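# Provide a 3D model corresponding to the input given below.
(chains A and B)
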Amino acid sequence: MSSPTPIVQVRNVVKTFGRTRALDGLDLTVSAGEVHGFLGPNGAGKSTTIRALLGMLRIDSGSMSLFGCDPWTDVVAIHRRLAYVPGDVSLWPNLSGGETIDLLLRMRGADPRSSQRSEMLERFELDPSKKGRAYSKGNRQKVALVAAFAADAELLIFDEPTSGLDPLMEEVFNQCVAERTSTGATVLLSSHILSEVDRLADRVTLIRNGRAIESGTLAELRHLRRTHLRAEIPQPFGLDLPGVHDLSIDGSVVSCTVEPAMLAGTLAELSRAGVCTLTCTPPTLEELFLDAYRGTVTAAEVGQ
Amino acid sequence: MNIAVTGVAPLIRLAVRRDRLFIGGWAVLLLGVCAASATATLSLYPTSSQQIAAAEAINASPALVALYGPILDTRSFGELAMTKMTVLYAVFVALLVVVVVRRHTRTEEESGRAELLAGTAMNRAAPLAAAVAEGIGVSVLSGVGAAAVDAAAGLSLAGSVLFGASWAGIGLVATGLTAAACQLSASTRTCAAVAAGALGALFVLRAVGDTSVSWLSWLSPFGWSTQLSAWSNPRWWVLLLYPVTAAGLLSAAHVLHARRDLGNGLFVARLGRAAASSRLGGVITLTGRLHATSILLWTAIVGVLGLALGAIAPTIGKLLSSPSGRSLLARIGGAGAMQDTMLAAELSIFAVVTSCFAVTVVSRSGMEEHDGRTEQVLGTATSRHRAYLATVMTAVAGATWLLLVTGVTMAVGFGAVAGNLSDGVGRVLPAVLVQLPAVWLVAALSVSAYALRSRWATAGWALLAAFFALGQLGEMLRFPTWLTGLSPFTHVPRMPVERFALAPLATMTLIAVALFAVGAVFYRRRDIG
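Okay, the predicted model is just below:
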């Protein structure tokens, strides 16, 4: 399944902070050239994993490798090849955004003058001359994003990158990720928002309580692509179709999750029944995790 | 003032909860020095004629008057015993208030925590009101403590109460001053510099007033503390000046606060450079840049102090030529010995002061890590060793530089007044340089605490306070040698009084180097953040 030399390989990693087990036998594999979504609720261990991969935390047991090297011992060699944007970007209060970008680029070993710094500043609509303390959360994030995208990196690591960005800037971010991957870069993207990962990721790892629950391509994790339907119909009835899950009827309201292939059929069925209101939403993380925990239960069982 | 109380009480509780160790430690130190001064003065000058001689000696030296203020009634034992406390140590009361008030106003705003609280059901002015209330509380407690300690040490009760009131008054003025200063700039450091600078200016104003243009002293709260004449024939009405001034400053702070946005200052923040200069390219230059302004400020302060204190030393022997002064000198060992004792005493304080700079560098590194910026630095191709080296280099090089500035300015000040520059350099400079190993050792202890655990980045302050207390109180209270010996500063040869000694200096340097190395190993092995 994965290519012979994965960029990121995490095997059975345990990391404890006092009595809390932040990572509890975590596995994660990111292959070259893919955008890998790292999906989990708050406190699942996403940031801890990333910080361990960056050599900030010393793991208790298990093994980790980046580019085939040990992230704890070969820090400098590894970090020359990657760019990292933390979830909560903190800037030096009296350094301007532009100075911070140049500094981060130089510390990665890149030359700001030959980078795409000015192009990225324009695309992210960032004023580089403001002092660090004057930027909003979104703009602080942009400073780190510009520094990450301005020079080529083989691996880009983003920890909840769009949490402070408006939808327009999110779009710019998505484009930049697409451009980078088209030239061969690998991306590890952590998030607690399914739609964000859904748009960008080739493969996804679901993590909860420090453990990977499942991992695979979005096609493999088909339940991730289901649509959650909530319909009001005069005479409620059981939508007893294959590919329809989590059915529940409450008065005149029917709700269920539907696999992509069955969506058209289900909608036709609802329309025949004279549907008066209909809302479609992607499944929530909670629903995904419930599914993942249930593992390989059949659709029929879920339906009952 | 319109201070609505909603939210003030819980904020005060929060502030006191966060500050109790810091305030407690500082208060114990200040009151300890107060008590020691009161008891030591009596054992130093047991008879009233000796006391009068000592008071006259102080009044005769413009340098000492500039530092401590004059003694208005040379027959008053209380005034003599509290000479250093009345003005010079009142500065430390004021600094405590500056730290406390700023910590709960501007620092909270810069960190964004104030915004979190502002979203709760509280009055807009509640954080400022709570910080002011804490400042007032700290001032009053310092005053009450000082009065109690003095009275317990056997000084007159009425004098003790008035003296305590002068400390409380200085604290009140500092509360108002800091509250107003914290409205001016969005930068925590600028606000602190404004408040400390204003206090410094008021101190200098008084020093000039006490030594030449006497009415100037009345413009400074530090001057009022002397003019109050707490120990004999007190001018009670002077006590009114402090609260009136404080109220004025607090009203100004309130008005400024009401006119500005949360997180902003009165001055619009200037824009920075759009691109970094070519020098800013790594963690070492970054750390240097982060401390550049502070090094400049420290250099200016240490330079001025060095010149002033250097100039004091030679005058001391000459001005003690009154009959009673001569007997005092004879006991110590002549005029030359007196100025050398003075130099040695000043230098030991300078060593502590420059160590403070090293500790600020280490504390700052702890803050960088706490705020997540170290994580960004280490996320680039920067090794742990390099990041560690940046802290060590800035702390050591900065403190060394400051001590050198002290040495040169003191030598110049001494030489200029003594009329012999080469004598000044020869006498002062070696005496300054021998302090270096002790300063390095404090830096090394502080850095290795941080290397063990990021939360211990501020441990250096506690160490430094303990060392300072051992040095200041150790002799007065006759602590055993092993206890005073814990402080590196006690192992520095007290040149020019004592001879140069290589062994303690070499030992301290070696220990410092070893600690730096051990710290490097620990810092490499621990978790970041």
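# show me where chain A has strands.
A:8-17, A:20-30, A:35-39, A:61-66, A:82-85, A:155-159, A:186-191, A:203-208, A:211-217, A:227-232, A:244-250, A:253-258, A:277-281 (DSSP state E).
# distance of the closest residue to A:F38 other than its chain neighbours from chain B?
Nearest residue to A:F38, sequence neighbours excluded (CB to CB, 6 or more residues apart in numbering or on different chains): A:S190, at 4.1 Å. All C-beta spots, glycine's among them, are computed from the backbone N, C-alpha and C. To chain B, A:S190 is 14 Å away according to CB to the nearest CB, to the nearest Å.
# who's A:S190 bridged to?
A:S190 forms beta bridges with A:F38, A:D159, as assigned by DSSP bridges.
# want to throw the strands of chain A into a markdown table with mean pLDDT, distance to B:V161 and mean neighbour count?
Shown next, in a markdown table, are the strands of chain A (pLDDT from 0 to 100; distance: least, CB to CB, whole Å; neighbours: other CB atoms under 10 Å in any protein chain shown):
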| stretch | mean pLDDT | distance to B:V161 | mean neighbour count |
| --- | --- | --- | --- |
| strand A:8-17 | 95 | 53 | 18 |
| strand A:20-30 | 95 | 54 | 19 |
| strand A:35-39 | 93 | 67 | 27 |
| strand A:61-66 | 95 | 66 | 17 |
| strand A:82-85 | 95 | 61 | 26 |
| strand A:155-159 | 95 | 60 | 23 |
| strand A:186-191 | 94 | 63 | 25 |
| strand A:203-208 | 90 | 66 | 24 |
| strand A:211-217 | 88 | 67 | 17 |
| strand A:227-232 | 86 | 75 | 18 |
| strand A:244-250 | 83 | 77 | 16 |
| strand A:253-258 | 86 | 77 | 20 |
| strand A:277-281 | 87 | 73 | 11 |
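# may I have the secondary structure class of the residue of the stretch 201-350 of chain B found nearest chain A?
Nearest residue of the stretch 201-350 of chain B to chain A: B:G272, at 2.9 Å (CB to the nearest CB). Under DSSP: H, G, I helix; E, B strand; the rest coil, the three-state class of B:G272 is coil.
# how about B:L402: what's its closest non-neighbour residue?
B:T354 is the one closest to B:L402 (CB to CB, 6+ apart), at 4.5 Å.
# apologies, that question was intended for A:E269.
A:L239 (6.2 Å).
# same question, A:M56
Per CB to CB, 6+ apart, closest to A:M56 is B:I528, 4.1 Å.
# wait, the one you found sits on A:A52?
No - between B:I528 and A:A52 there is no contact, the gap being 10.6 Å when judged by CB atoms under 8 Å.
# where does pLDDT dip in chain B?
B:1-5, B:63, B:269, B:315-337, B:472, B:475-477 (pLDDT under 70).
# near chain A, which residues of it show up?
Within chain B, the positions near chain A by CB under 8 Å from any CB of the partner chain are B:110, B:186-187, B:269-276, B:280-283, B:286, B:289-290, B:293, B:371-373, B:375-384, B:525-529.
# buried subset of those?
B:110, B:186-187, B:269, B:272, B:274-276, B:280-283, B:286, B:289-290, B:371-373, B:375-382, B:384, B:526, B:528-529 (16 or more other CB atoms under 10 Å in any protein chain shown).
# picking up where we left off before, who touches the residue nearest to A:F38 in this structure?
Contacts for A:S190 (CB atoms under 8 Å, 6 or more residues apart in numbering or on different chains) come out as A:37-40, A:46-47, A:49-50, A:87, A:158-160.
# can you list those in CSV and add distance to A:E269?
Shown next, in CSV, are the contacts of A:S190 (distance: CB to CB, whole Å):
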residue, distance to A:E269
A:G37, 32
A:F38, 37
A:L39, 31
A:G40, 34
A:K46, 39
A:S47, 43
A:T49, 43
A:I50, 44
A:G87, 43
A:F158, 41
A:D159, 42
A:E160, 38
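# nearest to A:G62, of these?
Among the contacts of A:S190, A:T49 lies closest to A:G62 (CB to CB), at 11.0 Å.
# count the neighbours of that closest one for me.
30 (other CB atoms under 10 Å in any protein chain shown).
# what do you get for the one 3 residues further on?
By the criterion of other CB under 10 Å, A:A52 has 24 neighbours.
# against A:A148, how distant is it?
With distances taken as CB to CB, to the nearest Å, A:A52 is found 20 Å from A:A148.
# likewise B:W218?
61 Å.
# which one's more surrounded, the two?
A:A148 (25 against 14).
# quick check: that one touching A:Y84?
Yes - between A:A148 and A:Y84 there is a contact under CB under 8 Å: 7.2 Å.
# hang on, the earlier thing: export the strands of chain A as TSV, with columns for distance to A:G97.
As requested, these are exported to TSV (distance: least, CB to CB, whole Å):
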stretch	distance to A:G97
strand A:8-17	29
strand A:20-30	30
strand A:35-39	27
strand A:61-66	28
strand A:82-85	14
strand A:155-159	18
strand A:186-191	23
strand A:203-208	32
strand A:211-217	36
strand A:227-232	40
strand A:244-250	46
strand A:253-258	43
strand A:277-281	37
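# who touches both of A:A148 and A:Y84?
In contact with both A:A148 and A:Y84: A:156, A:158, using CB under 8 Å, 6+ apart.
# chain B contacts on the stretch 201-304 of chain A?
Counting by CB under 8 Å from any CB, the stretch 201-304 of chain A has no residue next to chain B.
# which residues touch the residue of the stretch 201-304 of chain A found nearest chain B?
Of all residues in the stretch 201-304 of chain A, A:G210 sits closest to chain B, at 15.8 Å by CB to the nearest CB. When contacts are counted by CB under 8 Å, 6+ apart, A:G210 touches A:15, A:21-26, A:44-45, A:48.
# and which of the residues you listed is nearest chain B?
Nearest to chain B among the contacts of A:G210, with distances taken as CB to the nearest CB, is A:K15, at 9.0 Å.
# verify the stated contact: B:F163 with B:A230.
Yes - between B:F163 and B:A230 a contact is recorded at 4.4 Å, counting by CB under 8 Å.
# what's the overlap in contacts for these two?
B:78, B:82, B:86.
# how about the nearest residue to the spatially most central residue of chain B, chain neighbours excluded?
Nearest to the centroid of the C-alpha atoms of chain B, with distances taken as CA atoms, centre = their mean, sits B:F92, at 6.0 Å. Using CB to CB, 6+ apart and skipping residues adjacent in sequence, the residue nearest B:F92 is B:L30, 5.9 Å away.
# nice, that's everything, thank you.
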